[in-house]
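S.K.: Here's my sequence, what's the structure:
(one chain, ligands or ions: 1)
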Amino acid sequence: MVVEKVIERVISRDPDQKEFHQAVKEVLESIEPVLKKHPEYLKAKIVDRIVEPERQIIFRVPWVDDNGEIHVNRGFRVEFNSAIGPYKGGLRLHPSVYMGIIKFLGFEQIFKNSLTGLPMGGGKGGSDFDPKGKSDMEVMRFCQSFMNELFRHIGPDTDVPAGDIGVGGREIGYLYGQYRKITNRFDSVLTGKGLKWGGSLARPEATGYGCSYFCEEMLKARNETFKDKIVAISGSGNVAQYAVQKVNQLGGKVVTLSDSAGSIYDPDGITGEKWNFIMDLKNVKRGRISEYAKKFGVQYYEGKRPWVVVDGPIHVAMPCATQNELNLAEAKHLVDNGVIAVSEGANMPTEPDAVDHFISNKISFGPGKAANAGGVATSGIEMMQNHIGTSWTFEEVDRQLHQIMVNIHANSAAAAAKYGSPGNYVVGANIAGFVKVADAMMDQGVI
Ligand code: NDP
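M.R.: Next up, the predicted model:
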């Protein structure tokens with residue numbers, strides 16, 4: 001294997017960053033056919049360079065809670081690759097955040113952003129701050145302190161962060177307010193902004209909608225549609241919420257949702273009033289998914305993930321919560337129960353041996369960097385609107401998003417076929433994303 005040495009070096013340099021190793025291995029192994037065909041990439045050490053972030057920033061984030069006590073969190077921003085555009089990628093607030101998570105996400109982001117066809121490089125950031133159980137004022141003080149350092153590294157043509165786990169409209173608002181206060185600038189330095197201050201219609205919907213559009217394309221390629229399909233979705237945050245809405249519109253029936261404590265199974269489908277309840281529960285009350293089971297009299301499975309709680313067939317699975325949330329045993333259960341397509345709304349939610357199981361059983365498997373690229377694509381569309389000083393309608397943004405997802409599907413399928421793995425979207429997405437960035441790096445010399 002031509003990439004073996006690079007993988008070994010990545011591991012020995014940062015032995016504790018296991019999620020980053022996982023992401024690097026998956027990408028590098030699948031681009032082998034390209035490297036064999038294009039030895040010039042190896043000669044120019046493109047692979048050695050692409051696994052090393054251009055810049056990594058770690059900083060102190062002190063903040064004061066409602067009782068006057070001082071806390072100190074750690075902030076991160078990894079500016080991974082800017083060969084095709086300014087660094088672009090979300091901020092994650094979750095206690096599990098450390099450099100290995102941020103680097104895995106930043107690395108994935110390089111190829112995802114390339115796949116969108118828009119001029120965006122890859123970056124990612126966040127903190128080990130846990131927003132759960134914090135008051136609005138505590139979240140605000142944290143975000144202000146975080147921005148007190150981050151502002152000097154970002155800019156509308158340099159690095160443009162957005163949301164991710166734990167960062168939604170509320171947090172983007174506090175971050176943007178502080179950026180504006182410190183810099184005296186009103187520019188498009190963040191995406192996911194509020195509609196009244198530069199945000200784009202359809203940005204909140206974009207990742208969940210895009211993941212559903214990608215899945216629809218995979219189904220079409222098998223002469224199938226969402227109509228009457230039983231769909232299992234995990235998570236109940238931003239991505240999951242809008243995946244539910246779009247799958248419902250496309251004729252599927254979503255029967256599960258989850259959070260980090262457990263899953264609900266609603267055989268009648270999560271639609272109408274029930275979907276409104278989830279939106280209020282998760283975005284306003286910030287409550288637990290178990291409350292859905294109490295409210296609507298359905299089953300709640302403490303500590304279980306959606307893949308194993310459905311009584312009967314599951315045709316489509318959409319993991320939309322977090323990394324490594326679907327393992328081999330669960331993949332086997334899904335295959336045995338009739339799954340034909342898996343579309344990843346989250347980043348790297350499926351463990352590597354589970355991915356192999358799906359692919360070897362001819363399940364259409366849409367990897368996150370393709371299937372969830374609708375979020376960052378619509379962030380790119382938000383930036384375009386900011387640059388030309390306009391706002392497009394919901395229908396116009398949704399039309400562009402839909403077209404981008406159709407293109408990503410077609411380009412991934414074409415690259416997979418060209419390099420000898422027809423139907424393998426993992427290989428296709430990695431290759432299609434890699435080639436554009438590699439060519440840009442070749443053009444720009446050794447930097
Ligand atoms: P949210 O914070 O809105 O929701 C996250 C959901 O995942 C919650 O239901 C949360 O449950 C659950 N979750 C988080 N951590 C864990 C865990 N360790 N185990 C089990 N469940 C967990 O985040 P998003 O919906 O924005 O993001 C979800 C995924 O989608 C992430 O992988 C993110 O990187 C990816 N993504 C998001 C994009 C976006 O535009 N927002 C774009 C592309 C990808 P709980 O409340 O209990 O923590």
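S.K.: And the residue of the stretch 51-200 of the chain closest to the ligand?
M.R.: Proximity to the ligand, evaluated over the stretch 51-200 of the chain using Cβ to the nearest ligand atom, is greatest for residue 165 at 4.0 Å. For every residue, glycine as well, the C-beta is placed using N, CA and C.
S.K.: contacting residues for residue 217?
M.R.: Contacts here follow Cβ atoms under 8 Å, 6 or more residues apart in numbering; on that basis residue 217 touches 405-406, 409-410.
S.K.: Please report phi then psi for it.
M.R.: phi -70, psi -40 (degrees, to the nearest 10).
S.K.: and it, how far is that from residue 112?
M.R.: 16 Å (Cβ to Cβ, to the nearest Å).
S.K.: picking that back up, if you look at the contacts of residue 217, which of them are in helices?
M.R.: Mapping these onto helices (DSSP state H) picks out 405-406, 409-410.
S.K.: all strands of the stretch 101-250 of the chain, in order?
M.R.: 121-127, 159-162, 230-233 (DSSP state E, counting those that start in this stretch).
S.K.: residues near the closest residue to the ligand within the chain, how many?
M.R.: Proximity of the chain to the ligand (Cβ to the nearest ligand atom) peaks at residue 237, 1.8 Å away. Neighbourhood size, residue 237 [other Cβ atoms under 10 Å]: 23.
S.K.: Domain boundaries for this structure, per the record?
M.R.: What automatic domain parsing lists as the domains of the chain is 2-185, 206-366.
S.K.: Columns distance to the ligand on top of the strands of the stretch 101-250 of the chain, output as CSV?
M.R.: Listed next are the strands of the stretch 101-250 of the chain as CSV, based on distance: least, Cβ to the nearest ligand atom, whole Å:
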stretch, distance to the ligand
strand 121-127, 9
strand 159-162, 7
strand 230-233, 10
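S.K.: among the ones you listed, which is the most enclosed?
M.R.: Comparing the strands of the stretch 101-250 of the chain by mean neighbour count (mean count of other Cβ atoms under 10 Å), strand 121-127 ranks first with a mean of 29.
S.K.: What is that one packed up against?
M.R.: Under the contact criterion of 3 or more Cβ pairs under 8 Å, 6 or more residues apart in numbering; DSSP states H and E, strand 121-127 touches strand 70-81, strand 87-93, helix 99-115, helix 136-150, strand 159-162.
S.K.: Would you mind checking the average pLDDT for stretch 40-56?
M.R.: Averaging pLDDT along stretch 40-56 yields 97.
S.K.: Start and end of that stretch, how far apart?
M.R.: Terminal residues of stretch 40-56 lie 28 Å apart, using Cα to Cα, to the nearest Å.
S.K.: buried residues in that stretch?
M.R.: 41, 44, 46-47, 49-51, 53-54 (16 or more other Cβ atoms under 10 Å).
S.K.: Turn the strands of the stretch 101-250 of the chain into CSV, including distance to residue 426.
M.R.: Listed next are the strands of the stretch 101-250 of the chain as CSV, based on distance: least, Cβ to Cβ, whole Å:
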stretch, distance to residue 426
strand 121-127, 18
strand 159-162, 24
strand 230-233, 20
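S.K.: Generate JSON lines for these, with mean pLDDT as supplementary columns.
M.R.: Shown next, in JSON lines, are the strands of the stretch 101-250 of the chain (pLDDT from 0 to 100):
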{"stretch": "strand 121-127", "mean pLDDT": "98"}
{"stretch": "strand 159-162", "mean pLDDT": "98"}
{"stretch": "strand 230-233", "mean pLDDT": "98"}
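S.K.: count of neighbours near residue 66?
M.R.: 10.
S.K.: If you could redo that for residue 186, that was the one I meant.
M.R.: Neighbour count of residue 186, defined by other Cβ under 10 Å: 12.
S.K.: Isn't it up against residue 176?
M.R.: No. Residue 186 is beyond contact range of residue 176, at 9.1 Å (criterion: Cβ atoms under 8 Å).
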